[in-house]
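# starting from these lines, generate the structure:
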Amino acid sequence: MTPEEVQALFTRSDGAYLFARWGRPIAPIVFGVTDETLQVVKGACEAVVALAGHKMAETDPELGANLMVFFFRDWGELLEVPDLGRMIDGLEPLVARLSADDANQYRVFRFDADGAIKAAFVFLRMDDALSEMPAETLALDQVARTVLLWSDTAFAERSPLAVAGERVILRPEIADVIRAGYDPVMPAVADDPSHALRLYARMGGGR
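Next up is the predicted model:
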């Protein structure tokens, strides 16, 4: 990747640069799936977290679970989830907008006082497109999109995943960005585009 391509991954559609990683161990919980699929999602999370050199936990001392993944068939089902409206500001208009857009996925992040990620909500409406994806592929895709605060346009034209033989893996350059982003010498939060140059250097750029 070039430095410009790295910078684009965290440059939002409004032109602002914003990077954030998780500031605490990730404690996932999954709703709306079988136990088998639950283990697939947790396995994908463990793989990406290990790649990042980050940590997972059974529970978060403040929130219980801090990565919540919801599988459902209709956006309106979210309005029936107890207490979700207390955790997601403006849930009703959000559901109305996503329904009108015929969206099949959406992610909401929460941040700590320093700006690092402290919680994420992943909503997956299982339309035909998502239902056709193998569970392992869908889980890896969503965890990759949630492990960092990517730009809202980062994967609009190309998935973070790649096919290697019969397996689906993280694109090597995206894996490199994740590893670099979690390097202990790097900040957990950054809003200056020069941060992308530091990421690029940690990825071995220029070798």
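
# buried residues of the longest helix along the chain, list them for me.
The helix that spans the most residues within the chain, counting by DSSP state H, is helix 35-52. Neighbour-count burial for helix 35-52, counted by 16 or more other CB atoms under 10 Å, picks out T37, L38, V40, V41, K42, A44, C45, A47, V48, V49, L51, A52. The way it works is simple: take the backbone N, C-alpha and C, and place the C-beta from them, glycine included.

# following the chain past the longest strand belonging to the chain, name the next helix or strand.
Selection of the longest strand in the chain by residue count, based on DSSP state E, yields strand 117-125. Using DSSP states H and E, the helix or strand that follows strand 117-125 in sequence is helix 128-131.

# report the mean confidence score over that following helix.
Mean per-residue pLDDT for helix 128-131: 92.

# ok, now stretch 183-197?
Mean predicted lDDT for stretch 183-197 stands at 97.

# list the contacts for the residue nearest to L140 when sequence neighbours are not counted?
In space, and not counting its chain neighbours, L140 is closest to A44: 4.5 Å by CB to CB, 6 or more residues apart in numbering. By CB atoms under 8 Å, 6 or more residues apart in numbering, the residues touching A44 are E136, A139, L140, Q142, V143.

# so what's the first one up against?
In other words, E136. V40, G43, A44, V168.

# again, but for the third one
L140 is in contact with A44, A47, V48, L161, V168, I169, L170, counting by CB under 8 Å, 6+ apart.

# wasn't it part of a strand?
No: L140: not assigned to a strand; according to DSSP: H, G, I helix; E, B strand; the rest coil it is helix.

# gap between it and V33?
15 Å (CB to CB, to the nearest Å).

# and for the fourth one?
From Q142 across to V33, the span is 12 Å (CB to CB).

# what's the answer for the second one, then?
Between A139 and V33 the distance is 10 Å, computed by CB to CB.

# same question for D112.
Taken as CB to CB, the span from D112 to V33 is 28 Å.

# now D141
15 Å.

# burial count for E77?
If you count neighbours by other CB atoms under 10 Å, E77 ends up with 15.

# do the same with the one 10 residues further on
The burial metric for M87, expressed as a neighbour count using other CB under 10 Å, is 14.

# quick one: it and F121 touch, right?
Yes: with contacts counted by CB atoms under 8 Å, M87 reaches F121, the gap being 7.2 Å.

# the residue most central in space within the chain: what's it in contact with?
Most central in the chain under CA atoms, centre = their mean is T146, positioned 1.0 Å from the mean C-alpha point. The contact partners of T146, by CB under 8 Å, 6+ apart, come to L67, R107, A120, V122.

# apply 6 Å and report the result again.
Shown in contact with T146 (CB atoms under 6 Å, 6 or more residues apart in numbering): A120.

# got any ranges where this structure has weak pLDDT?
Along the chain, the parts satisfying pLDDT under 70 run over 205-207.

# hey, where'd the strands end up in it?
Using DSSP E, strands in the chain cover 19-20, 28-31, 67-72, 105-111, 117-125, 161-164, 167-170, 189-190.
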